[in-house]
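[1] sharing a model prediction with you, sequence too.
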Amino acid sequence: MVLAVCAMILALGVSHAPAQQKVIKIGALYPLTGNLAATGMDCKRGADLAVEIINGKFDLNLPFAKDEGIPNLGEAKIEIIYADTKGEPKNGLAEAERLITQEKVVALIGAYQSAVTKTASQAAERLKIPYVCSDSSSPTLTERDFKYFFRVSPHDGTMARNQFEFLKDLETKMGKKIKTVAIVYENTEFGANVAKMQKQYAKEFGYEVVADLAYAANASDVTSEVGKIMSAKPDVVMHAAYITDAILFTKTFKEMNLVPQGFLTMAGYVESDYLPTVKSDGNYFLVRSTFALDLAKKKPMVGQVAELYQKKYNIPMGENTARSFSAPFVLADAFNRAKSTDPEAVVKALLETNIPGDQIINPWKGIQFDPKSHQNIHASAMLVQILDQAYYTVWPFDAASRDAVWPFPPWKDRK
Amino acid sequence: MEQLVQQLVNGLLIGLVYSLLAIGLTLIWGVMNVLNFAHGEFLMIGMFMSYWLYALAGVDPLFSIPVNAVALFLLGMFIYRYIISKVMQGPALAQLVVTFGISIFIANFAALIWTPNFRSIEHTLLSGTWDISGIKLSIPKFVTSIGSVVTSCGVFWFLRNTRTGKAILAVEMDREAALIMGINTDRINSLSFGIGSALVGVAGALLATHYYIYPFVGGTFGLTCFCIVALGGFGSIEGAFIAGILVGVVQTLGGYIFNPAYKLAIVFAMYLITVWIRPQGLRGW
């Protein structure tokens, strides 16, 4: 009798197994509460939309959009299990472990902040679970030669280089005179590494660094920082910020009337909350980006995806969303080719990833990982400028939809 | 040189805001020995109230000051009556944990109902900057600091010159003696919690004129506030007022002269040196 019951349970268990195989669980780490909660929600929306496209039927030229689920795994659906990092590296580590050991996720994505991604990916590496990151930009993440960590988006080394290439282009192609830069950055993994790369490239491209300012993110007042920049009188201010400091700095730049030739900024200035908060004060800031809505002119699919997004969430699609949007596709593609979710098979498939440029919404030639660092070799940044309270691609000049406004118009001459 | 004067002015402006925030916190601590970790979240509620009054009814944040003060006063009394007063009968650790719990609850509840998005009030009666021979003075920040001074003076006056105020001071000095003298200490507790919260409500309306508003904004000011209360001497209103200004000026000038990266380190070094020489804080006893 007991044996019979056991056999029945086993039989049930076995007969359930294929049904369970139909869902592939991916863990996603994002700051869903705390200072960067709004950013975390942006990222979550991007990943959610990607999964909706993979699981459902859409007439888009994205991987798995036209069919439901993942074909080689019996049309398996992807499910994302979210974990809140609260923006803290220690939570990133703990939540990554929990997702892997308790929730049994087969891969991880996220965690936006480089410092958090760093600890979370350490957990994934130790527990041998693939981690595909499409939103953290610190170069050190792919300098560790981790076996399970892959990055789709460009890192800050590339983006810092792009910023200086832009300055050189301004000098050679538009006849501007630029000599000095101020490097201003928040002092965690992200900002500190951006600054390191910027200082290196400043030397290489021949610009003098007249101010090198680290500050604590989440400060309540930044007047002394801006005072320091003003005393240094730089031609260009380079600012690596998260959203709170981007808003506070913008207000303080205006209040103290800092007018360099231009502001080249990162991250905080492309958050979806930045412009609604600072409104017209955000005009003329230049931001490095991997996405802009005007890409739709050359790549109609960008417009279609942006429209889907707008319809679903009633806000325009932005940089953070576009970043988190790509990781689920890369993973789905790897699962499909591996015909399995086994970590070793997935890593092998990830190494062979070759998604062409017309199947992604970013302006890159495609997605292919470097065999050693696992960095996407095609990833690069463009520069967008805020004009009339919207983001327009202004560099590379041949991809620009509008001309860059340079120098920065004085605050007092604005409406 | 001009930048130094500019930084001194900026330091005073932000310092006076710190003062107002810290006075409310120190009052609550002085009277009932409860460290209100939810103080920053009360500030956030104040800022959001001003925002919604502005967004939905077109009320300028300056006119939302009395509304905020009354609403936060009631909220403070409510939280004291139904949560703090119960926990005060329990162990000290419970008191510490409960306000911490309230702070997490309020911030996340706000994120749930108002979304974690950032907001700001754009067209207020106060906007722009005065240029006084090269020194830039932001009008909303200036008015905020004046409002802070006026409110703080109001609290001093109330505590020194009214029966209730004197009763609060009496409880602060010696709870048992006050009880023997026939002061209803439970009522004083509840009033102090209300007044402490009302002050932060006023600060919220003033800050809303120029600061960004989002559910986790309280944390930005929280740590600095605790440092100021400790520096001024736990429970000392004048101490908190002076320490607030001191922290504002030291942080801004120190950040400018040395390096902004060290500005919090400079503030906390000042705090450590002060408590080393005077463990009770500047004006504590």
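    Great, that's in hand. Numbers count the residues shown, from 1 in each chain, chains lettered A, B, ... in the order given.

[2] quick one: the residue in the stretch 51-200 of chain A that chain B sits nearest to from A:V270, how far?
    The stretch 51-200 of chain A approaches chain B most closely through A:N187 (5.8 Å), counting by Cβ to the nearest Cβ. C-beta: built from backbone N, CA, C; applies to glycine. A:N187 sits 21 Å away from A:V270, going by Cβ to Cβ, to the nearest Å.

[3] heading C-terminal from the helix or strand where B:L206 lies, find the next helix or strand.
    Counting by DSSP states H and E, the element that carries B:L206 is helix B:185-208. Counting by DSSP H and E, the next helix or strand C-terminal to helix B:185-208 is helix B:217-232.

[4] related to what we said a few turns ago, ok, the residue of the stretch 51-200 of chain A closest to chain B - contacts?
    By Cβ atoms under 8 Å, 6 or more residues apart in numbering or on different chains, the contact set of A:N187 is A:A214, A:Y215, A:A216, A:A217, B:A261.

[5] please redo it, this time with the cut-off set to 7 Å
    Neighbouring residues of A:N187 by Cβ atoms under 7 Å, 6 or more residues apart in numbering or on different chains: A:A214, A:Y215, A:A216, B:A261.

[6] how about a markdown table for these, with pLDDT added?
    Shown next, in a markdown table, are the contacts of A:N187 (pLDDT from 0 to 100):
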| residue | pLDDT |
| --- | --- |
| A:A214 | 93 |
| A:Y215 | 92 |
| A:A216 | 86 |
| B:A261 | 85 |
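
[7] ramachandran angles for A:F263?
    Note on A:F263: its backbone torsions stand at phi -110, psi 120 [degrees, to the nearest 10].

[8] got a list of what residue 128 touches?
    Let's take chain A. A:Y148, A:P343.

[9] chain B is the one I meant
    Going by Cβ under 7 Å, 6+ apart, B:G128 touches B:I139.

[10] give me the neighbour count for residue 148.
    Going with chain A. Neighbour count for A:Y148, taken as other Cβ atoms under 10 Å in any protein chain shown: 22.

[11] let's do chain B instead
    Neighbour tally, B:S148, other Cβ under 10 Å: 27.

[12] and the gap between it and B:L199?
    Going from B:S148 to B:L199 by Cβ to Cβ gives 9 Å.

[13] swap in A:T33?
    Per Cβ to Cβ, A:T33 is found 27 Å from B:L199.

[14] got it, and A:F149?
    In terms of Cβ to Cβ, A:F149 sits 49 Å off from B:L199.

[15] and for B:A111?
    Remark: distance between B:A111 and B:L199 (Cβ to Cβ) = 24 Å.

[16] who has more neighbours out of the two?
    Counting neighbours by other Cβ under 10 Å for B:A111 and for B:L199 shows that B:L199 has the greater number, 31 against 20.

[17] shaky segments in chain B?
    In the predicted model, chain B carries pLDDT under 70 at residues B:285.

[18] would you list every one of the helices in it?
    Secondary structure of chain B (DSSP state H): helices at B:2-32, B:39-57, B:64-79, B:85-87, B:92-114, B:139-161, B:163-173, B:175-180, B:185-208, B:217-232, B:237-257, B:263-277.

[19] between those, which one is closest to A:T290.
    The closest of the helices of chain B to A:T290 is helix B:92-114. By Cβ to Cβ, the value is 27.4 Å.

[20] following the helix or strand of chain A with the lowest mean pLDDT, which helix or strand shows up next?
    The helix or strand of chain A with the poorest confidence is helix A:2-21; it has a mean of 47 (mean pLDDT, DSSP states H and E). Moving toward the C-terminus from helix A:2-21, the next helix or strand (DSSP H and E) is strand A:23-30.

[21] can you list contacts of that next one?
    A:40, A:43-44, A:47, A:76-83, A:85, A:92, A:95-96, A:99-100, A:103-112, A:116, A:120, A:328, A:331, A:335, A:341.

[22] and if you look at stretch B:72-83?
    Applying Cβ under 7 Å, 6+ apart, the contact partners of stretch B:72-83 are B:42, B:45-46, B:98, B:102, B:189-190, B:193-198, B:200-201.

[23] ChimeraX command for the buried members of these?
    Of the contacts of stretch B:72-83, the buried ones can be selected in ChimeraX as follows, counting by 16 or more other Cβ atoms under 10 Å in any protein chain shown:
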select /B:42,45,46,98,102,189,190,193,194,195,196,197,198,200,201
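
[24] out of the contacts of stretch B:72-83, which comes closest to A:M301?
    Using Cβ to Cβ, these come closest to A:M301 at B:I45, 44.0 Å.

[25] OK, contacts around B:Y18?
    Contacts of B:Y18 were listed using Cβ under 7 Å, 6+ apart, and they are B:T224, B:C225, B:I228, B:G244, B:V247, B:G248.

[26] filter those down to the ones near chain A?
    B:T224 (Cβ under 7 Å from any Cβ of the partner chain).

[27] what parts of the stretch 101-250 of chain B come near chain A?
    So the stretch 101-250 of chain B meets chain A at B:108, B:111, B:116-120, B:122, B:129, B:136, B:138, B:212, B:214, B:216, B:220-221, B:224 (Cβ under 7 Å from any Cβ).

[28] list buried members of those by neighbour count.
    Among these, the ones that count as buried by 16+ other Cβ under 10 Å are B:108, B:111, B:116-120, B:129, B:136, B:138, B:212, B:214, B:216, B:220-221, B:224.

[29] so which bits of stretch A:375-394 are buried?
    Going by neighbour count (16+ other Cβ under 10 Å), the buried part of stretch A:375-394 is A:375-376, A:378-387, A:390-394.

[30] does A:P356 touch A:G366 like I think?
    Yes - counting by Cβ atoms under 7 Å, A:P356 touches A:G366, with 4.9 Å between them.

[31] so these two - more neighbours on which side?
    Remark: of A:P356 and A:G366, A:G366 carries more neighbours, 17 against 13, as counted by other Cβ under 10 Å.

[32] rewinding a little: what do B:S148 and B:L199 both touch?
    B:L20.

[33] of the contacts of A:N187, which is the nearest to A:F285?
    Distance to A:F285 across the contacts of A:N187 (Cβ to Cβ) is lowest for A:Y215, with 17.8 Å.

[34] which residues touch residue 239?
    Went with chain A since none was named. By Cβ under 7 Å, 6+ apart, the residues touching A:H239 are A:V184, A:F249, A:F263, A:T265, A:M266.

[35] please refer instead to chain B.
    Applying Cβ under 7 Å, 6+ apart, we find B:G239 in contact with B:G232, B:G233, B:G281, B:L282, B:R283, B:G284.
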